[in-house]
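Novice: need a 3D model of the sequence below.
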Amino acid sequence: MIIDLPNTTTKQIETSLARVRESHSLATGRVLTLLVAVDEDSELLDDTLSTLRDASFEHPARVLVLVSGDPAKESRLDAQVMVASNAGASEVVVMHLCGELTQHLGAVVTPLLLPDTPVVSYWPGAAPKRPSEDQLGHIAQRRITNIRGASRDGSLAELAAGYTPGDSDMLWSQITPWRGILASALDRFPEHTITGAEVAGAPGDPSVDLAAGWLADSLDVEVTRCDEHISGFPIAHTIIHTDGGDVEVVAEGEYTVRISVPDMADSRVAMGERTDAECLAEELRHLGPDAIYGNALNGLGKVRHA
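Specialist: Numbers count the residues shown, from 1 in each chain. As a prediction, this is how the structure comes out:
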């Protein structure tokens with residue numbers, strides 16, 4: 001169900017939400033308020049709404065999507081309230097803002113925040129260089145960016161420079177399965193000194209760089225980042241050099257990786273590229289600061305590029 005509210009106010013939006021919640025919304029227990037910022041000229045809105053709907057079944061929430069238009073126009077707020085099948089298990093309000101309202105996003109959303117629940121900010125496209133200092137980031141305890149979806153050329157260096165505990169990027173949850181498989185492989189080959197590592201993946205893919213930074217920080221060794229074209233999951237292969245031989249995790253096709261440990265038979269496990277909805281759902285499971293992600297950003301300085 002979609003309710004159009006042209007030229008409206010936040011009070012009218014709240015009244016509309018209260019009126020339709022019990023009879024139409026599936027969100028009987030909303031666990032957080034999710035603030036989403038998208039530019040009006042961005043092509044991300046439809047994809048973002050689909051991602052939010054799919055992620056909502058694990059995290060029912062009040063989702064406030066702010067679409068910023070031309071700040072030079074007359075101030076105006078047009079809204080759509082989405083519930084039931086159009087919003088998954090959440091209640092979604094899409095607000096199109098023009099004029100001075102685009103400069104006061106924090107004041108726009110404050111009356112609509114759920115009481116006594118966490119607040120999370122999410123930028124599916126272009127994000128501020130310092131999310132914690134942004135109006136939406138300042139009122140949130142978790143701030144999620146998506147460097148892959150940025151319309152401008154974002155970089156891991158910018159994420160690292162602007163990092164504050166509570167920040168995270170979708171890249172981090174994108175490589176969670178790979179991190180788990182690699183940690184499991186190393187657990188099968190204990191009591192050996194790690195002397196170096198190599199990570200190869202799609203050229204220019206920041207998730208491969210972040211994976212290398214995580215290894216460099218976790219293992220405290222020099223990590224070499226190599227380019228290797230691959231389809232599907234962005235990391236083609238990983239080699240951990242030890243004094244007892246090499247531990248390898250190698251992609252075989254788009255959905256399988258091979259694990260090779262010295263003196264053991266090779267094993268294979270399933271692993272494919274994750275959707276944005278899966279990544280967002282994982283990010284929303286952890287509402288406290290992710291220190292390991294911050295350490296991975298710090299580890300970028302230890303990575304050598306081949």
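Novice: how near is Val261 to Ala216?
Specialist: Relative to Ala216, Val261 is positioned 21 Å away (C-beta to C-beta, to the nearest Å). The C-beta positions use only the backbone N, C-alpha and C, and glycine is treated the same way.
Novice: who's more crowded, these two?
Specialist: For Val261 against Ala216, the residue with the higher neighbour count under other C-beta atoms under 10 Å is Ala216, and the figures read 25 against 20.
Novice: strands along the stretch 201-306 of the chain, start to end?
Specialist: Remark: strands assigned in the stretch 201-306 of the chain by DSSP state E, counting those that start in this stretch are 223-227, 235-242, 245-252, 256-260, 267-270, 303-305.
Novice: in a markdown table: these, plus mean neighbour count.
Specialist: Supplementary listing: these in a markdown table, determined by neighbours: other C-beta atoms under 10 Å:
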| stretch | mean neighbour count |
| --- | --- |
| strand 223-227 | 19 |
| strand 235-242 | 21 |
| strand 245-252 | 18 |
| strand 256-260 | 18 |
| strand 267-270 | 12 |
| strand 303-305 | 14 |
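Novice: and the pLDDT at the closest residue to Asp134 other than its chain neighbours?
Specialist: Distances taken as C-beta to C-beta, 6 or more residues apart in numbering put Pro128 closest to Asp134, at 4.2 Å, once the chain neighbours are dropped. Taken from the predicted model, the pLDDT recorded for Pro128 is 91.
Novice: any idea which element Pro128 lies in?
Specialist: Under DSSP states H and E, no helix or strand contains Pro128.
Novice: now it: how far from Ala37?
Specialist: Remark: distance between Pro128 and Ala37 (C-beta to C-beta) = 9 Å.
Novice: rewinding a little: will you turn the strands of the stretch 201-306 of the chain into TSV that also has mean pLDDT and distance to Ile13?
Specialist: Supplementary listing: these in TSV, determined by pLDDT from 0 to 100; distance: least, C-beta to C-beta, whole Å:
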stretch	mean pLDDT	distance to Ile13
strand 223-227	96	47
strand 235-242	96	43
strand 245-252	95	47
strand 256-260	95	47
strand 267-270	94	44
strand 303-305	94	47
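Novice: out of these, the one nearest Val119 is which?
Specialist: Each of the strands of the stretch 201-306 of the chain was scored for nearness to Val119 using C-beta to C-beta, and the closest is strand 235-242 (32.8 Å).
Novice: would you mind writing the CA trace of the closest one as PDB?
Specialist: Coordinates of each C-alpha in strand 235-242 appear next as PDB, following Å, rounded to 0.1, in the frame of the first residue of the first chain:
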ATOM      1  CA  ILE A 235      38.700 -12.100  -4.600                       C
ATOM      2  CA  ALA A 236      40.300 -14.600  -7.000                       C
ATOM      3  CA  HIS A 237      42.900 -16.200  -4.700                       C
ATOM      4  CA  THR A 238      44.600 -15.800  -1.300                       C
ATOM      5  CA  ILE A 239      47.900 -17.300  -0.300                       C
ATOM      6  CA  ILE A 240      49.200 -17.300   3.200                       C
ATOM      7  CA  HIS A 241      52.900 -18.000   3.400                       C
ATOM      8  CA  THR A 242      54.100 -19.900   6.500                       C
END
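Novice: quick check: closest non-adjacent residue to Gly253.
Specialist: Gly232 (7.2 Å).
Novice: just checking, His96 touches Val65?
Specialist: No: using C-beta atoms under 8 Å, His96 is not in contact with Val65, being 9.3 Å away.
Novice: okay, these two: which has more neighbours?
Specialist: With neighbours defined as other C-beta under 10 Å, His96 and Val65 compare such that Val65 has more, 23 against 19.
Novice: I'd like the next helix or strand past the host helix or strand of the more buried one.
Specialist: Val65 belongs to strand 61-68 when elements are defined using DSSP H and E. Tracing the chain past strand 61-68, the next element assigned as helix or strand by DSSP H and E is strand 76-82.
Novice: can you give the domain ranges for the protein?
Specialist: According to automatic domain parsing, the chain is divided into the following domains: 2-154, 174-305.
Novice: report how many residues lie close to the residue nearest to Asp134.
Specialist: Burial of Pro128, expressed as a neighbour count using other C-beta under 10 Å, amounts to 18.
Novice: where exactly do the strands run in the stretch 1-150 of the chain?
Specialist: Listed in chain order (using DSSP E, counting those that start in this stretch), the strands of the stretch 1-150 of the chain are 2-5, 32-39, 61-68, 76-82, 91-98, 119-123, 142-145.
Novice: can you name the residues in contact with the third one?
Specialist: Same thing as strand 61-68. In this structure, residues lying in contact with strand 61-68 by C-beta atoms under 8 Å, 6 or more residues apart in numbering are 17, 27, 30-40, 45, 48-49, 52, 56, 87, 90-97, 102, 105, 108-109, 112-114, 136, 284.
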